[in-house]
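Asker: Generate coordinates for the sequence data below:
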Amino acid sequence: MTRNKNKNERRKYPRIEQRLPFQVLANGYDFVTNTQNVSCVGAYCRVDKYIPPFTKVTIKLSLPLIMANVKKTDSNVECKGVVIRTEDEASGGFNIAIFFNEIKSSQREKISQYVSQLLPQGTFASRSIN
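Answerer: Reported below is the predicted structural model:
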């Protein structure tokens, strides 16, 4: 059995390694951080305080979108999510994976558009995210 070496191709929605301004609100704490990677269904980031898996969070994400290949505009995305994985970081803090479980389709489309801009041509076929 031949296994594809590009594990990203197994994903339904592409994920990119990108540092973006990211705010996580959880249990009365407000974490301002950057994403390590992001897709239209979730993000991975580092925080200073432990957030247990299954914790509900509110997310604010700032995306630099390129419109008509000419202008750059920032676009903000807000949604609800749930922490699906928490890992100790060797240098201190915690890496958390967040699944966006309550996100409007217009907000998800903004992320999808941003991710698509940074993917090599032909990497993923265009997919409907509704």
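Asker: Name the helix or strand of this protein that has the lowest mean pLDDT.
Answerer: Taking mean pLDDT, DSSP states H and E as the measure, the helix or strand of the chain with the lowest value is strand 56-67, at a mean of 86.
Asker: And Ser126, what's its pLDDT?
Answerer: Per-residue confidence for Ser126 comes out at a pLDDT of 44.
Asker: typo on my end, Asn69
Answerer: On the pLDDT scale, Asn69 is placed at 60.
Asker: just the strands in the protein please.
Answerer: Remark: strands of the chain, listed N- to C-terminal, are 16-17, 21-26, 29-39, 42-47, 56-67, 71-88, 94-102; assignment by DSSP state E.
Asker: Poorly predicted segments of this structure, please.
Answerer: Within the chain, the segments meeting pLDDT under 70 span 1-11, 65-73, 121-130.
Asker: one step back: what helices or strands is the least confident helix or strand of the chain leaning on?
Answerer: Secondary structure elements in contact with strand 56-67, counted by 3 or more C-beta pairs under 8 Å, 6 or more residues apart in numbering; DSSP states H and E, are strand 21-26, strand 71-88, strand 94-102, helix 105-118. C-betas here are computed from N, CA, C, even on glycine.
Asker: could these go into JSON lines alongside distance to Lys60?
Answerer: Rendered in JSON lines, the data for the helices and strands packed on strand 56-67 read as follows (distance: least, C-beta to C-beta, whole Å):
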{"stretch": "strand 21-26", "distance to Lys60": "4"}
{"stretch": "strand 71-88", "distance to Lys60": "5"}
{"stretch": "strand 94-102", "distance to Lys60": "12"}
{"stretch": "helix 105-118", "distance to Lys60": "11"}
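Asker: got TSV for these, with mean neighbour count too?
Answerer: What follows is these, written out as TSV (neighbours: other C-beta atoms under 10 Å):
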stretch	mean neighbour count
strand 21-26	19
strand 71-88	14
strand 94-102	18
helix 105-118	17
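Asker: Good, we can wrap up now.
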